[in-house]
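**Q** Sequence and computational prediction follow.
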Amino acid sequence: MPKLIKNDAVSSDSWQRALPDSDQLAKGHFPTLAQWQAATETLPTVQLQPGDEVVTLVEALDTLELIAVDFPVFTDGRGFSYARELRQRGYRGELRATGEFMPDQVHYLRRCGFDAFQPADASRIEEYLRQLRVFSEHYQASVDEPLPLFRRRDSESQLA
Amino acid sequence: MYIYDQYDQRIVDERVAQFRDQTRRYLAGELSDAEFLPLRLQNGLYVQRLAPMLRIAVPYGLLSSKQVRKLAHITRHYDKGYAHVSTRQNIQLNWPLLEEVPDILAELASVQMHAIQTSGNCIRNTTTDQFAGVAADEREDPRPWCEIIRQWSTLHPEFAFLPRKFKIAVCASEEDRAAIHAHDIGVELLPNAAGELGFKVLVGGGLGRTPVMGSVICEWLEKRHLLTYLESILRVYNQHGRRDNKYKARIKILVKAMGIDAFRDAVEAEWALLKDGPSTLTECEITRAQSFFTSPAYAALDGRSSQEALAARAATDPIFGNWLARNTRAHRVPGYRAVTISLKATGIAPGDVTDRQLELLADLADRYSFGELRTTHQQNMVLADVEEAALYELWQHLQKAGLATANIGYITDLICCPGGDYCSLANAKSIPVAEAIQARFEDLDYLYDLGPVELNISGCMNACGHHHIGHIGILGVDKKGAEFYQVSLGGSQSKDAAIGKILGPSFSQEAVPDVVENLLGTFVSLREGEETFLQTYNRVGIEPFKERVYAKAD
Ligand code: HEM
Ligand code: SF4
């Protein structure tokens, strides 16, 4: 079973990356956006690829339970914005990064709203875990810290 | 200037630890070349022709004397004893060892400096007017806004893997000294009809292969919305910018493809999600940022008497007079001037400064300019707050150190990229061309008679030397394996920003000084009254220049 990191621990489940070239839903694989849209019933999971439009999912954000965002190459950073936007539009379910992202990206991914990480190459899974929290402080507002540093500084100076 | 608190320091320290670990893993074979590439680039580390090149961030060009001393120390211990001031106000080292870069970053962190996001496909150092805070034509000090943008853009989780690099510049005065039209985003502080200051926002400017001037995306933005608006622009770009071709990946291409109106609509749609959210700036934060950029303790001086004394000095010592007239400029406070230190002495690569010179400049900054120095995007340095009465003494110190070349704004004050001597992407060398041009215009009377001319040289179309926006631009091109130079005319980086027009077929390296001399000779023969080179060019067009240069070349 594919390994992943969830709730800050290594675990595994049976989901595999989508098979974009098939019309049919393959068992155990995430549906692509096209497969998800074509399905007759509402599927609780879907996998976004770079180039997909996040807004397509807006109506279904309450019913979706697991959205995977795939990184076919680690240099393609579109998935960071997809995650941020999904969370900002109110999505609360699991948000899983899949594919070729590298360990040194997980702290950014996490701050963008991902809460599960399923790297294509699971042999370095401990390294991914180690990289989750390489920074203890950040300037920006993010999904795990909704207040930017300046607002936290503001309240400190008001207390002082 | 901005002083780190515990949070800023912690972020920079953790960044050093992170990069130390990344370097260790890379050297141990745990990170591949491909993986290490963006990680090192985002810490300013290029791998170049002779050695790695390390680009150190100088946020909006401001340095304390303590930081300058640290830079001198770093160049001496980890490099060959000199540093290079870049066209984006940063400092570059040409010879560091990869293994020692983590130590260099730790040294930098000890004086509140870093190399974060000085290259790579992320938001780069925000630049501004080198005369911020002292310019008479300034509407408001732009530096607090640069600092606010610096913090927002530093390690931004969403925008570290953009389609391409992303540069922001801020200006706050009538004369644009930050080249905001040539940036991915240009921000100008200006009043609305009611007189309230806010931001005009330009998007989609940039040089490189396809030079484009920015388009106005927002005529006036309330100050508190700055970050959410920038974030909306970046998000549209991150989602929709092209990633299939690195030469089409800058935001300028996306803005052109969508059209500015459709692009604006997309940004507004994102902004609807972000506007008034937690990243909206608070009064408290704006005041905090501004509190770091208050005026130093200026003496109450009678400007008139010091000016009379200066005029008398200049009359008896014309060499000083030349320098005074060219390298110093008016200050908003009576009795003070801003001094530009030319890093353009003939025979020294433009923008290079040695460890000893840096130490001297740090001492001079402490003695004469409240302990601060600035870098400029014309690759010079500035002491912004010097008492007029101290100028003569200061000049004597500078002169001894080879730092008093009186050429600011003239043709020998040229901008030049490292080119083929250092850069593996170069088509041609640029430093020897710069030197040959400087040598040709050694005669100061002739130099001054020509008036202000900006000459910019890049060794390839990546345009690090901003050749498109030089009044005269020189670009290294490859012609069947030989180094040639294409010349363009009429570029401009200021309010009337324009991209230069190509003169015609390119020239050999030896021919370039003659070509430049012919161009200026043409100008002198056509000039009316006190016209500048650019004004004459704009009046007569490119033809007369073409005729003269190519007639001679035949
Ligand atoms: C020697 C190592 C250097 C390398 C390998 C390098 C590489 C590049 C590349 C590839 C680009 C084009 C990026 C694009 O179009 O998206 C670029 C642009 C640029 N570089 Fe460099 N560069 C180097 C040194 C410098 C130096 C020393 C300066 C300053 C003097 C500089 C200033 C710039 C600027 C201002 C641009 C932006 C032009 C624009 O807006 O498109 N670079 N550089
Ligand atoms: S313009 Fe070209 S040659 Fe010059 S530094 Fe940039 S990449 Fe190198």
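**A** Received, thanks. Ligands and ions are numbered 1, 2, ... in the order given.

**Q** count of residues packed around the residue of chain B found nearest chain A?
**A** Per CB to the nearest CB, the residue of chain B with the smallest distance to chain A is residue B:161, at 2.7 Å. C-betas here are computed from N, CA, C, even on glycine. By the criterion of other CB atoms under 10 Å in any protein chain shown, residue B:161 has 25 neighbours.

**Q** Surely it is in contact with residue A:77?
**A** Yes - Residue B:161 is within contact range of residue A:77, at 2.7 Å (criterion: CB atoms under 8 Å).

**Q** Overlap in contacts, those two.
**A** With contacts taken as CB atoms under 8 Å, 6 or more residues apart in numbering or on different chains, the residues that reach both residue B:161 and residue A:77 are residue B:121.

**Q** Distance check, the residue of chain B closest to chain A against ligand 2.
**A** When distance is defined by CB to the nearest ligand atom, to the nearest Å, residue B:161 is 22 Å away from ligand 2.

**Q** for that residue, what are its contacts?
**A** With contacts defined as CB under 8 Å, 6+ apart, the neighbours of residue B:161 are A:74, A:75, A:76, A:77, A:80, A:105, B:38, B:121, B:122.

**Q** wait, is the first one part of a strand?
**A** Looking back up the chat, that one is residue A:74. No - note on residue A:74: no strand contains this position according to DSSP: H, G, I helix; E, B strand; the rest coil, which reports coil.

**Q** follow-up on the earlier one: just the closest of the contacts of residue B:161 to ligand 1, please.
**A** Set against ligand 1, the nearest of the contacts of residue B:161 by CB to the nearest ligand atom is residue B:121 (8.8 Å).

**Q** How much space separates that closest one from residue B:209?
**A** Using CB to CB, to the nearest Å, one obtains 16 Å as the distance from residue B:121 to residue B:209.

**Q** Which of these two has more residues huddled nearby?
**A** Taking residue B:121 and residue B:209 together and counting by other CB under 10 Å, residue B:121 has the greater number of neighbours (24 against 13).

**Q** Surely the more buried one is in contact with residue B:164?
**A** Yes - the pair residue B:121 and residue B:164 passes the contact test of CB under 8 Å, sitting 5.4 Å apart.

**Q** which one of the contacts of residue B:161 has the most neighbours?
**A** Of all these, the highest neighbour tally under other CB under 10 Å goes to residue A:80, namely 30 neighbours.

**Q** Check the contact between it and residue A:106; I expect there is one.
**A** No - with contacts defined as CB under 8 Å, residue A:80 does not count as touching residue A:106, sitting 11.5 Å away.

**Q** Which pLDDT value belongs to the residue in chain A positioned nearest to chain B?
**A** Taking CB to the nearest CB as the measure, chain A has residue A:77 as its residue closest to chain B, at 2.7 Å. Looking at residue A:77, its pLDDT is 97.

**Q** Spit out the contact partners of it.
**A** Applying CB under 8 Å, 6+ apart, one finds that residue A:77 lies in contact with B:121, B:158, B:159, B:160, B:161, B:162, B:238.

**Q** Kindly recompute the last result at 10 Å.
**A** The neighbours of residue A:77, taking CB atoms under 10 Å, 6 or more residues apart in numbering or on different chains as the test, are A:50, A:71, A:101, A:105, A:108, A:112, B:38, B:121-122, B:158-163, B:238-239, B:241, B:243.

**Q** Phi first, then psi, for residue B:508.
**A** phi -80, psi 160 (degrees, to the nearest 10).

**Q** contacting residues for residue 93?
**A** The chain I'm using is chain A. Contact partners of residue A:93, counting by CB under 10 Å, 6+ apart, are A:44, A:45, A:61, A:62, A:63, A:64, A:65, A:66, A:67, A:86, A:115.

**Q** actually it's chain B I care about, not the one you picked
**A** Listed by CB under 10 Å, 6+ apart, the contact partners of residue B:93 are B:44-45, B:51-56, B:71, B:74-75, B:78-80, B:82-84, B:101, B:104, B:115.

**Q** next one: residue A:105
**A** By CB under 10 Å, 6+ apart, the neighbours of residue A:105 are A:71, A:74, A:77, A:79-80, A:97, A:112, A:114, A:117, A:119, A:128, A:131, B:35, B:38-39, B:157, B:160-161.
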